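*Asks:* Structure here, sequence nowhere to be found:
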């Protein structure tokens, strides 16, 4: 990854952007409906600076510690930081405030703790609820049938703003299976929006990575999390 020249990085970014646009057109969706989050795990801050110089300012980190360190080091850049990896409650202060979107709220206890931290600091927290659509034991997230009850519970909180859902396809999923799983998440969001049990509108769907973002876009993703396709020579 670190051997990429600035020209190679810019070319990779263009290719990914073009692939996202093609997937949107194939799905009869506006190109503007899908935003790229560049996953910068394993790359240097210099690479992030180059990305920002190319206009890519939505940046995702897996680890709260690294997100906090990079946010401080790159404070001069107009970067919007996303936490896409698992968040433990004892790491909340590393990401609140200063994170544009937390993709990985996977339990009621974490949501309550985030709300308390946001309340003490006087800031809102925008987040997505992680849905374990594949049902894999190794994955975090809420079971799809539990989501309406989860939203009803979270409606009592003061500062937490749930703006959508996040999901990953199954580890060994074929493209058709991945698309069905992503469609299940979109349909879940649609049902919750059509029959709201809380004030939240689930308009954002963070689905799809380098290997399956086309299927995710076809299913309705609004955010795709891409790393290796950007940083592979």
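*Replies:* Structure's in. What do you need? Here the structure is a predicted model, which means the values were calculated and not measured.
*Asks:* next SSE after the helix or strand encompassing residue 163?
*Replies:* Using DSSP states H and E, residue 163 sits within strand 160-167. Remark: after strand 160-167, the chain's next helix or strand is helix 175-194, criterion DSSP H and E.
*Asks:* how far does the lowest-mean-pLDDT helix or strand in the chain sit from the chain's center?
*Replies:* The helix or strand of the chain with the lowest confidence, counting by mean pLDDT, DSSP states H and E, is helix 228-231 at a mean of 92. Offset of helix 228-231 from its chain centre (CA atoms, centre = their mean, to the nearest Å): 17 Å.
*Asks:* next one: stretch 40-49
*Replies:* 18 Å.
*Asks:* re earlier: give the buried residues for the least confident helix or strand of the chain.
*Replies:* 229-231 (16 or more other CB atoms under 10 Å). Every C-beta, even on glycine, is put in place using the N, C-alpha and C of the backbone.
*Asks:* And the strands in the chain?
*Replies:* Using DSSP state E, the strands of the chain run over 35-39, 58-61, 80-83, 101-105, 125-130, 160-167, 204-207, 223-226.
*Asks:* can you list these in TSV and add distance to residue 20?
*Replies:* As requested, these are arranged in TSV below (distance: least, CB to CB, whole Å):
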stretch	distance to residue 20
strand 35-39	6
strand 58-61	12
strand 80-83	16
strand 101-105	18
strand 125-130	19
strand 160-167	18
strand 204-207	13
strand 223-226	7
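*Asks:* deepest of these, which one?
*Replies:* Mean neighbour count (mean count of other CB atoms under 10 Å) peaks for strand 204-207 among the strands of the chain, with a mean of 26.
*Asks:* any idea how far that one is from the chain center?
*Replies:* Centre to centre, stretch against its chain (CA atoms, centre = their mean), the figure for strand 204-207 is 6 Å.
*Asks:* and residue 208, what does it touch?
*Replies:* 169, 182, 214-217, 221, 224-225 (CB atoms under 8 Å, 6 or more residues apart in numbering).
*Asks:* Which of those scores worst on pLDDT?
*Replies:* Lowest pLDDT among those: residue 169, with 91.
*Asks:* If you tally nearby residues, what's the number for that one?
*Replies:* Using other CB atoms under 10 Å, the number of residues around residue 169 comes to 26.
*Asks:* hmm, back to that, closest to residue 148 out of the contacts of residue 208?
*Replies:* Distance to residue 148, by CB to CB, is smallest for residue 182 among the contacts of residue 208, at 19.6 Å.
*Asks:* Does that closest one touch residue 166 like I think?
*Replies:* No. Shown here, residue 182 and residue 166 do not form a contact pair, counting by CB atoms under 8 Å, at 11.1 Å.
*Asks:* and for these two, which residues touch both?
*Replies:* With CB under 8 Å, 6+ apart as the test, residue 182 and residue 166 both reach 205, 207.
*Asks:* Contact partners for residue 142?
*Replies:* Residue 142 touches 106-107, 129-132, 150, counting by CB under 8 Å, 6+ apart.
*Asks:* partner residues bridging it?
*Replies:* For residue 142, the beta-bridge partners are residue 131 (DSSP bridges).
*Asks:* any idea how far it lies from residue 98?
*Replies:* Relative to residue 98, residue 142 is positioned 25 Å away (CB to CB, to the nearest Å).
*Asks:* What of residue 133?
*Replies:* 29 Å.
*Asks:* can you check residue 191 too?
*Replies:* Distance from residue 191 to residue 98, by CB to CB: 33 Å.
*Asks:* And residue 171, what's its pLDDT?
*Replies:* 78.
*Asks:* Next, count neighbours for the nearest residue to it once chain neighbours are set aside.
*Replies:* Excluding its sequence neighbours, the residue lying closest to residue 171 (CB to CB, 6 or more residues apart in numbering) is residue 136, at 6.6 Å. Residues near residue 136, counting by other CB under 10 Å, number 15.
*Asks:* Fine by me, thanks again.
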